[in-house]
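Engineer: This is a predicted model, with the sequence first.
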Amino acid sequence: MIETHAVSKRYGDTLVVDNVSLSIPRGGFTSIIGPNGAGKSTLLSMISRLTPMSSGSVMVDGMDVTRTPGNVLARRLSILRQDNQTSLRLTVRDLVAFGRFPHSGGRLTAEDHRHVDEAMEYLRLDDYRDRPIDELSGGQRQRAYVAMVMCQDTEYVLLDEPLNNIDMRFAVDMMQLLRRAADEKGKTVVVVLHDINFASCYSDHIIAMRHGKPAYQGTPEEIIRTEVLRDLYQMNIGVHDVDGQRICVYFRMG
Amino acid sequence: MGVKQSRDPAALRLAILVALALLCAVGYMTLNVKSDWAFILEYRGSRLAAMLLAACAIGISTVLFQTITHSRLLTPALMGFDVLYVLVQTLGMLLLGGELAQWSPSLRFAVQVVIMVTLALVLFRVLFSGSVRSLHLMILLGMLAGMLFRELSELGGRVLDPSEFGISQGVAQASFSRMNTELLAVAVVVLVVACLLLMRWRRSLDVLALGRDIAINLGVAYERVVLGVMAVVAILVSVATVLVGPTLFFGLLIANLAYWFTGSQRHRWTLPASVMAGVICLVGGQLLLEHVFASTLPLALVIELAGGLLFIALLMRGVRQ
């Protein structure tokens, strides 16, 4: 279980995350949605100790993230941010293999190689294994980074806007895959999403943030509703049932 | 049932570099010995040792610095670190005067290494804490700092009395053609200590190169390791500066030669390759200049010219991307 206790983040006079206490249960797929500047990414990066908190604390399975040794936490929780630009010339397989670093400290065992191969297969990267990552398209590169995180084989997998800059097909692919990781491997997947329709169709649990605080939490049925979304985004969003999925329509205002 | 790993081609390439470097060293020691062997061996031996040490110190410090700054353009020399060493020495002379001149050169060096490490860590904290984001701004700042340090130490030099001035100029004017060989033994010790320190973090280096967020995700104690590596860089820069004086583009040249020639990003290959590239440039260059071209052109000039051209090429490529 991930628990935040009164977590805040302040940049100068601006309070980006405001006294947030919430818990994300083990297992399942949790999405964090909300308008720009709501503090979603900042909250995620504080949970994963990438950004220091101004106050408060975060516990992952009872371990305080700021006090637990980095490599212990790295075997329990992984985080992938958006824009993973690198000038390094690494092959896809080399990049993915870095995911085993917390387990074997850079010297791969047979067990590690098995994990690497499995992650590559899982993300359908087999055809690109020896290609340098800087030669891949955006979607392929994103998949390579997700494979690295998968191969890290952690209970908690946190992703900050994994659908950024990738096309519809790759986006659906990515969401299917994360859903499968939750269903088949029992991972706890936590994702910051901009596209509320993806959040609606794939999540077990949605945390909706506004002004640095979680404004609503619940199942997609509870959150993906016109009243809630109007309050959240300050616009009228129609919610329609299409083939059993709750779909939001907001592209052209009447 | 271990998975069979294909042999890294970088290993062979490194072996070629080592062979070339050895060839240069042997050539340097044996070519054109006309008179007294014993004298020549001693004279050339100490110069060869100084060049080896300088190649080690500059090659390793540059690759490390580029890893922690995620840049192939920034080097300790470009940020003015080695000129800072000279400035510290001049200021020390200025403030403590004759007292400092009484100290043995080794003690002076040791104290200076400590000061350098402290200053480097402070500077690094200030510059790379995220307040300055633009690479080009960083280069400009470094060049400005370098110029400032140089002018200040020259100014300081004017105020010094002649004997103290002599000591501080020993470092300021050391170069590849006027190497300071009296501190060889101390330099070796300090260099070995720095490399032993580095061994603690050797496995984390490749991960650091992936960037802060990914390194932390993979469990590297990022802030601590980066500061530790920076301390090693400061020690190595001190060693290099006391031996061959401040350089400008030499580190940039050999680090990039190492990346290019090994075709790898792994520190187990790039670190030794940068040292070998340094040895080949220094020793091989000296050999060519002295024996083949019979030229009196200073080696430093040729190397800095090549490094400078590379710097411009890298900058242009960066601008285009």
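Structural biologist: It's in. Numbers count the residues shown, from 1 in each chain, chains lettered A, B, ... in the order given.
Engineer: Every contact and neighbour count from this point should use C-alpha atoms.
Structural biologist: Fine.
Engineer: For chain A, give me its nearest residue in the stretch 151-300 of chain B.
Structural biologist: Chain A sits closest to B:Gly219 of the stretch 151-300 of chain B, with a gap of 3.8 Å, by CA to the nearest CA.
Engineer: Which residues of the stretch 101-250 of chain A lie near chain B?
Structural biologist: Taking CA under 8 Å from any CA of the partner chain, the part of the stretch 101-250 of chain A that reaches chain B is made up of A:101-102, A:105-106, A:109-110, A:113.
Engineer: out of the residues you listed, who has the most neighbours?
Structural biologist: Counting neighbours by other CA atoms under 10 Å in any protein chain shown, A:Phe101 leads these with 24 neighbours.
Engineer: name the element it belongs to?
Structural biologist: Here A:Phe101 sits within helix A:101-104, counting by DSSP states H and E.
Engineer: Identify all contacting residues around that helix.
Structural biologist: For helix A:101-104, the external contacting residues (CA atoms under 8 Å, 6 or more residues apart in numbering or on different chains) are A:71-72, A:74-75, A:107, A:112, A:152, B:218-219.
Engineer: pLDDT check: weakest of the residues you listed?
Structural biologist: On pLDDT alone, A:Arg107 ranks lowest of the contacts of helix A:101-104, at 84.
Engineer: Can you check my assumption that B:Leu155 lies in a helix?
Structural biologist: Yes - the assignment for B:Leu155 by DSSP: H, G, I helix; E, B strand; the rest coil puts it in a helix.
Engineer: What residues does it make contact with?
Structural biologist: Counted by CA under 8 Å, 6+ apart, B:Leu155 has zero contacts.
Engineer: repeat for A:Met59
Structural biologist: A:1-4, A:65.
Engineer: what are the C-alpha coordinates of the very next helix or strand once past the helix holding A:Phe101, in CSV please?
Structural biologist: Sequence-wise, the next helix or strand downstream of helix A:101-104 (DSSP H and E) is helix A:110-122. The C-alpha coordinates for helix A:110-122 follow below in CSV (Å, rounded to 0.1, in the frame of the first residue of the first chain):
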residue,chain,number,x,y,z
ALA,A,110,21.0,-16.0,-16.1
GLU,A,111,17.9,-15.1,-14.1
ASP,A,112,18.4,-11.4,-15.1
HIS,A,113,18.7,-12.3,-18.8
ARG,A,114,15.5,-14.2,-18.5
HIS,A,115,13.7,-11.2,-17.1
VAL,A,116,15.2,-9.0,-19.8
ASP,A,117,14.1,-11.3,-22.6
GLU,A,118,10.6,-11.6,-21.0
ALA,A,119,10.2,-7.8,-20.8
MET,A,120,11.3,-7.4,-24.4
GLU,A,121,8.8,-10.0,-25.5
TYR,A,122,6.1,-8.5,-23.4
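Engineer: Report the distance from helix A:110-122 to the chain centre.
Structural biologist: Distance of helix A:110-122 from the chain centroid (CA atoms, centre = their mean, to the nearest Å) equals 21 Å.
Engineer: Going along the chain from it, find the next helix or strand for me.
Structural biologist: In N-to-C order, the element after helix A:110-122 by DSSP H and E is helix A:138-151.
Engineer: Now for residue 148, how many residues are close by?
Structural biologist: Unless you meant another one, I'm taking chain A. Counted by other CA under 10 Å, the residues lying close to A:Met148 total 28.
Engineer: not what I meant, chain B
Structural biologist: By other CA under 10 Å, neighbour count at B:Leu148 equals 16.
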